[in-house]
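Engineer: From the sequence below, what's the structure:
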Amino acid sequence: MIGASLGAAAYERASEISAILAVANPVGDRRLARLSSRPDVVLALSGIGISFGGVKALSDVDLEVEVGEIRAVIGPNGAGKSSLINIISGLYHADRGRIAIGGQSFSRVPASRLARLGVARTFQNLALFGGLSVRNNIACGRVHTRRASFVEHIAGLPRARSEDAGIAEKTDQIVAFLHLESVADRLVATLPYGLQKRVELARALVAEPKLLLLDEPMAGMTATEKAEMAGFVRAARDRHGVTIILIEHDIGVVMGLSDRVAVLDYGRKIADGTPAEVRADPAVIRAYIGTAEGENGEDIR
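Structural biologist: Residues are numbered from 1 along each chain as shown. Predicted coordinates:
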């Protein structure tokens, strides 16, 4: 319950800061309607734009994500990647454009309904509760499934006990899936950074999302930790059927992990295709400071 209230408060504060009226785009709306009616499309964006203090962070961005794919979004620093994922998750409200999630169309994604729309996310900067155990942090990802009242929980009534048992079972399954058994009862604050990132992934996966938004899940990791995390991301798609949007700076990881890649530069989408197509795109090479190297020295060709 503590995790749920803190998360809701954080969303509310961010929404108040960045809330801007959405402007409809009739042409984009028709295109979005066609995309959102396709059963193989989990997410569709049409004409998304947002500015901060007069500076355009995103401009007229279209994106579609198909069921079961790992869809990467890359670009140099400041390209608008995190702004895009924050709009998809309702943390930011776009100035213009529309979003369709699971066939439902929005000008503003309701952050309070995100889990029930089948969407979960991780954050670029860790958003864990350091004073709680690994197991309790992960269990916070299923708070949205509770239906029993506070009184039912205090009194230990059957519905509350059943919900607690179900959450504990799902939590144990994800703990095992991500090989966290040995640290499950430790306080998150005592874990090394790489394991904390894994716990955050676990908290997102325990919600059983249809769409998982990963905002730089491998940032700050060693090469070994990145390889392990990439394996877990791929397994989440293959074993749990989760569709994934991946924001990541490490070009080598992205090209080896993704089915399709969209490239942003100064808030605009400049390329979109398979990893092989993106590697060979001159506009992508120019975006990375006019060289063939990515931000971590990975050769994008």
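Engineer: Please enumerate the strands of the stretch 151-300 of the chain.
Structural biologist: 211-215, 243-247, 260-265, 268-273 (DSSP state E, counting those that start in this stretch).
Engineer: Let's have these in a markdown table, adding mean pLDDT.
Structural biologist: Shown next, in a markdown table, are those (pLDDT from 0 to 100):
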| stretch | mean pLDDT |
| --- | --- |
| strand 211-215 | 95 |
| strand 243-247 | 96 |
| strand 260-265 | 95 |
| strand 268-273 | 95 |
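Engineer: Out of those, which is closest to Met229?
Structural biologist: The minimum distance between Met229 and the strands of the stretch 151-300 of the chain falls on strand 211-215, with 9.3 Å, by Cβ to Cβ. Glycine gets a C-beta too; all of them are placed from N, C-alpha and C.
Engineer: Which one, of the strands of the stretch 151-300 of the chain, ends up nearest to Gly47?
Structural biologist: Checking the strands of the stretch 151-300 of the chain against Gly47 by Cβ to Cβ gives strand 268-273 as the closest, at 11.1 Å.
Engineer: the inter-axis angle of that closest one versus strand 260-265?
Structural biologist: Strand 268-273 and strand 260-265 are oriented at 160 degrees to each other (axes from the mean of the first three to the mean of the last three Cα atoms, to 10 degrees).
Engineer: For strand 268-273, which strands pair with it and how are they oriented?
Structural biologist: strand 260-265 (antiparallel) (DSSP bridges).
Engineer: show me the contacts for Met218.
Structural biologist: For Met218, the contacting residues are 197, 225-226, 229-230, 248, 250, 253, by Cβ atoms under 8 Å, 6 or more residues apart in numbering.
Engineer: From those residues, pick the one nearest His144.
Structural biologist: Using Cβ to Cβ, the contacts of Met218 come closest to His144 at Lys197, 22.3 Å.
Engineer: what's the closest residue to that closest one other than its chain neighbours in contact with, if anything?
Structural biologist: Closest residue to Lys197 apart from its sequence neighbours, by Cβ to Cβ, 6 or more residues apart in numbering: Pro217 at 6.1 Å. Each residue near Pro217 by Cβ under 8 Å, 6+ apart is listed here: 122, 197, 200-201, 229, 233, 246, 248.
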